[in-house]
Structure formats: structure tokens, C-alpha cells
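**Student:** could you work out the structure for the sequence below:
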Amino acid sequence: MRWWSLANFVSNAGTWMQLTVQNLLVLQITGSAAATGLSVSVQAAPALLVSLVGGAAVDRWPRKPTALVSQALLGLVALVTAALVATGRLDLTVLLVLAAVTGTIATVDGPACALLGNDLVPAEDVPSAIGVGSLVHSAGRLAGTAFAGVAVGFLGTAAAYAANGLSFLFVASVVPFLRPAAGAVTVAGSKGPTSGQKARTGKRVRIGKKAKGLPDTVPFIPAQRGSEPARDNLQRGSEPAREDLQRGSEPAREDLTVRQGLVFFLRRPRLVALAGITGVSAVFGRNYGLTLAVLVTGPLAGGAGEFGTVSTVLAVGGIVGAVLGARLRRPSVRLVGALAATGGLLQAVAGLSPSLAVLLVLVLPMAVVESVSDTAGTTVLQTDPPAQLRGRVLGVWGSISTGWGLAGPPALGLLMEWAGARGALTAGGLVIAGSIAAGYLLRERRTPVPVTVRTEERGGAAQPELSTAA
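**Tutor:** So this is what the prediction gives:
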């Protein structure tokens, strides 16, 4: 796990070096801010469109070879870009094509590396491993952003791309030496399930008459706490699987492997709730590079230095939150919602800050709370689905989160145009907290309350106090 954490730190630092330099490179080539935004959108588009297919591939293929190949391909693309920049042969069209290729590969690489990291620790330590991953990501982002300025200043733009390519190749060189922990959950293509996988997925349930050439059992999806019994889960959640298996057609079986992740996600209330919490937070908050920049340089009469101080405090809070999140053992969606609502309220108060000092006091706990919320949400997302569906569930999540990420900045920009920086922060924070509170109250009202009927002993047998008429 130490080698994997080190490799991820190096890879994240390289990725942020490239992302930081890429915007500058597009500006140098075109001189257009719109073209810069287009390059970001082109790289994000594959995650919006084909993440589910990438997640299905991760569920089908062994994780270590998948992660190794995807990291090597990402490194190759970065090194090709570096060579083109160094020789002066890179134009906007080629850059956009390379960005699209990078985004497509990332739809497989993201879930493969995330689940591979979980395999390196026992099942009970997965939440801590995810917390460590969040910490590594935050540290890599800080280091990569800082190194980007040094690399461009002393070595040129191509050096940042080359460093990112080498960072990917370093991860690829580490992957073959990783060893899953005892009881770790594996996927199709591995040498059989471990004890941890058997405990997580449970038994296999017979579904009826065996179709020719296909097994007569399907994996049993455990019931969610507070929902219907497990047999109802099978009867309702696995009905498409039963029909397709009984048809015995290979195309239906292939289609099922892609659809099942989406079906499972939509029929899992806690995952839908998690998506809603993340969505409202992404649209009305979290884009602090935009809102806080306008607040600091506008109403608070600060400059680039003051905004840099705010950004540093946000980064420190994110690291502290990741450390605290690593201590969570069994986070829940309710905890994620409570933390997100708290962060929304802190954001609303931060929008009313009369001075930079007050803003800094509020920004630190705001960043800590939201980082813990993100870590807890990631833990729920990666541990709630059965092992054989986790890649596809992460694929669904990739599409959803990318959609929120693309919709958030324009919506927040319109809100700032209408209400200003203070109004956007305050109104956005209240919307986040209010939406989560409304969802919680709605869930409580729809949850049936058990009624206990007292009984009396009559003639040696317990009889109900109330009975139907004869």
C-alpha cells in the first residue's frame, strides 16, 4: 500500500502539472479563452458519454493488467504531446484530439486504479485506504500546481508534459509488484474469489430453468438496510437478469453486463440520494476558485496575494479533512448529507464575511467539513455495490459527476451575475442545506412506522386485542 500511495502521489502531481500547463499552452497557441474552455470540455466529454462502458470493462478485466495498460497508455499520450510541443508541431486540433484520447482512456483508468487500491487492504480497512487516497490526491494537487510553475519557468512547457508521462510510467512499473491483501475482493478474470468476496456477495440464488449454455444461478444482491427483504431485492432488482438469462442469447447477456450497473444504481435509494447530495453541492457550491476569487477581489478589496492565501487555507483544510476522513470506519449517506449541509451553512456565512480575516476563519472549517464529506461519499460509493458491479457503478458515477461538474460553473456564474459574489455564496449555501434537509424530511415521512398490537392470554393462547369481523 505504501508503494501504491507513493505512485499515486507522483501520478497526481504529474497530472496537475499537465492540467495547469495545458490552459497556458492553449492560450499561447490560440490567444482565446474560449478555446481554453473547449479543451477542458473535450477532455471531460468522454467521462460524460462512455464512463459506463469503461466501468463495465473494469468489471470484466483483471484489475492489475487493466490499470497497468491504462497508465502506460496515458503516459504514452503525455510523452507524445511533450515531443510535439518541443518540436513546435502542436496545433489546437491535435491538442484537442490528444485531450479526447486522454479522457477516453481515463474512463477505464479511473475505476480500475480506485478499485485496485481497495484490493491492497483488508475489507475492513477500505474506508481508511480511501481516506489515504484523498490525502494523496490533495497533496499531489498542491505539489503539481507548484511544480508546474517551476517547470515552465526553467525548462519550458514540454517539460511538464514529459514529467506527467514519466509519472504514469512510474505507476505502471509499480503495478506488477502489488499484492492484494488477504480477503480482498477480486473481479472477473482473477484466479477465483477470495474469502472476502464470498462474504461480500453472499450466496448464489437459483432463478429457475437453466438456459442452454448459461449458468442457472445469478449473484444475489444483498438487501439495503431498511428496505425490503432480500428475496424482494432479487424478485424486483434481478428481473431483467432472469429474463435475459432464460432467453439464452449472447447479445442479451452482453447488453446486461453494461445495463446492470445503471439498473442497480437507479434502484439503490442510498446511491440516488448520494448523487442528489453531490449534485446540489456541485451546482451551488464547491466552485470556490470562481466565487471566492470574485468575493476577495471585489467586495473585500483584495488582490491576487490575498486570494492565494485563501486558496492555501482551502488546500490545508482539504488535507486535514482527508486525514479525518481516513478514520471513518462505516460512513453512511446520512453522514455525507449532514456534512454537506454543514458545509453549505458555513458557505452561506462566509458570503457575509466583512473582512478577509473573518473569511479565512470560516474557510478552514468549510474545507475540512467538505473534504470529510467527499471522503465519506467515496467510501459509500466504492463499498456499497456488490464486488462484481463496482466498476459499472463507478462508471455511472463518472457520468453523473461529470455532468454536475460541467453544469455547475455556468449556473453559478449566472447566479453571481444576478446576486453578486456575496449573494451567490449565501444563497447557494442555503439551497444546499435546505435541499438536503427537505430530502431527509421527505424520507422520514415515507418510511413506514411499525405498529405494535398488544396481545392477551385467552384460554392459554395469545389472541390479538383487535380482530376483523367475521
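**Student:** which parts of the helix or strand hosting Leu24 are buried?
**Tutor:** In this assignment (DSSP states H and E), Leu24 forms part of helix 2-30. Residues of helix 2-30 classed as buried by neighbour count (16 or more other C-beta atoms under 10 Å): 4-5, 7-22, 25-26, 29-30. Every C-beta, even on glycine, is put in place using the N, C-alpha and C of the backbone.
**Student:** poorly predicted segments of the stretch 301-450 of the chain, please.
**Tutor:** 447-450 (pLDDT under 70).
**Student:** make it 80
**Tutor:** Residue ranges of the stretch 301-450 of the chain with pLDDT under 80: 304-305, 308, 329, 405-413, 446-450.
**Student:** and what of the stretch 51-200 of the chain?
**Tutor:** Low-confidence segments of the stretch 51-200 of the chain (pLDDT under 80): 123-124, 127, 131, 145-146, 148-154, 180-200.
**Student:** backbone dihedrals for Ser355, please?
**Tutor:** Per-residue torsions, Ser355: phi -150, psi 170 (degrees, to the nearest 10).
**Student:** that one and Pro299 touch, don't they?
**Tutor:** No - look at Ser355 against Pro299 with C-beta atoms under 8 Å: they stay out of range, at 10.2 Å.
**Student:** ok, these two, which is more surrounded?
**Tutor:** With neighbours defined as other C-beta atoms under 10 Å, Ser355 and Pro299 compare such that Pro299 has more, 14 against 11.
**Student:** what about that one, which SS state?
**Tutor:** coil (DSSP: H, G, I helix; E, B strand; the rest coil).
**Student:** quick check: it touching Ala421?
**Tutor:** Yes - counting by C-beta under 8 Å, Pro299 does reach Ala421; the two are 6.3 Å apart.
**Student:** quick one: residues in contact with the helix or strand Ser167 falls within.
**Tutor:** In the assignment (DSSP H and E), Ser167 maps to helix 157-174. With contact meaning C-beta atoms under 8 Å, 6 or more residues apart in numbering, helix 157-174 is reached by 3-4, 6-8, 10-11, 13-15, 17-18, 20-21, 24-25, 28, 67-68, 71-72, 74-79, 81-83, 85-86, 113, 147-148, 151-152.
**Student:** report the contact partners of Thr342.
**Tutor:** Val369, Ala433.
**Student:** how much space between it and Ala293?
**Tutor:** 23 Å (C-beta to C-beta, to the nearest Å).
**Student:** and the gap between Leu38 and Gly153?
**Tutor:** Counting by C-beta to C-beta, the gap from Leu38 to Gly153 is 26 Å.
**Student:** more neighbours: which of these two?
**Tutor:** Leu38 (16 against 9).
**Student:** what angle separates the helix holding Leu24 from helix 157-174?
**Tutor:** Put simply, helix 2-30 runs at 150 degrees to helix 157-174, going by axes from the mean of the first three to the mean of the last three C-alpha atoms, to 10 degrees.
**Student:** next helix or strand past helix 2-30?
**Tutor:** Next along the chain from helix 2-30, counting by DSSP H and E, comes helix 33-60.
**Student:** which parts of that next one are buried?
**Tutor:** Buried positions in helix 33-60, judged by neighbour count with 16+ other C-beta under 10 Å: 35-36, 38-39, 42-48, 50-52, 54-59.
**Student:** same question for stretch 162-176.
**Tutor:** Going by neighbour count (16+ other C-beta under 10 Å), the buried part of stretch 162-176 is Ala162, Ala163, Asn164, Gly165, Ser167, Phe168, Leu169, Phe170, Val171, Ala172, Val174, Val175.
**Student:** looking at those, which is nearest Val431?
**Tutor:** Nearest to Val431 among the buried residues of stretch 162-176, counting by C-beta to C-beta, is Asn164 at 37.1 Å.
**Student:** contacts only, for the spatially closest residue to the closest one that is not a sequence neighbour.
**Tutor:** Leaving aside its sequence neighbours, Asn164 sits nearest to Gly14 (C-beta to C-beta, 6 or more residues apart in numbering; 3.7 Å). Gly14 is in contact with Ala78, Gly144, Ala163, Asn164, Gly165, Leu166, Ser167, Phe168, counting by C-beta under 8 Å, 6+ apart.
**Student:** okay, those residues in a markdown table with distance to Val361 next?
**Tutor:** Output for these, formatted as a markdown table (distance: C-beta to C-beta, whole Å):
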| residue | distance to Val361 |
| --- | --- |
| Ala78 | 40 |
| Gly144 | 28 |
| Ala163 | 37 |
| Asn164 | 36 |
| Gly165 | 42 |
| Leu166 | 41 |
| Ser167 | 36 |
| Phe168 | 40 |
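**Student:** just the residues contacting stretch 430-442, thanks.
**Tutor:** Contacts of stretch 430-442 (C-beta under 8 Å, 6+ apart): 273, 276-277, 280-281, 284-285, 334, 337-338, 340-345, 347-348.
**Student:** return a ChimeraX selection command for the buried portion of these.
**Tutor:** Buried members of these, defined by 16+ other C-beta under 10 Å, are picked up in ChimeraX with:
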select :273,276,277,280,281,284,285,337,338,340,341,342,343,344,345,347,348
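**Student:** just the ones of the contacts of stretch 430-442 in helices?
**Tutor:** 273, 276-277, 280-281, 284, 334, 337-338, 340-345, 347-348 (DSSP state H).
**Student:** pull the CA atoms of stretch 16-23 into CSV?
**Tutor:** Extracted C-alpha coordinates of stretch 16-23, given in CSV (Å, rounded to 0.1, in the frame of the first residue of the first chain):
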residue,chain,number,x,y,z
TRP,A,16,-1.9,18.6,-12.1
MET,A,17,1.3,19.8,-13.7
GLN,A,18,-0.1,19.0,-17.1
LEU,A,19,-3.6,20.4,-16.3
THR,A,20,-2.1,23.7,-15.1
VAL,A,21,0.2,24.0,-18.1
GLN,A,22,-2.4,22.9,-20.7
ASN,A,23,-4.5,26.0,-20.1
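**Student:** what's in contact with that stretch?
**Tutor:** 36, 39-40, 78, 95, 99, 140-141, 143-145, 147-149, 151-152, 157, 160-161, 163-164.
**Student:** hmm, 7 Å instead?
**Tutor:** Applying C-beta atoms under 7 Å, 6 or more residues apart in numbering, the external contacts of stretch 16-23 come out as 36, 39, 78, 140-141, 144-145, 147-148, 151-152, 157, 160-161, 163-164.
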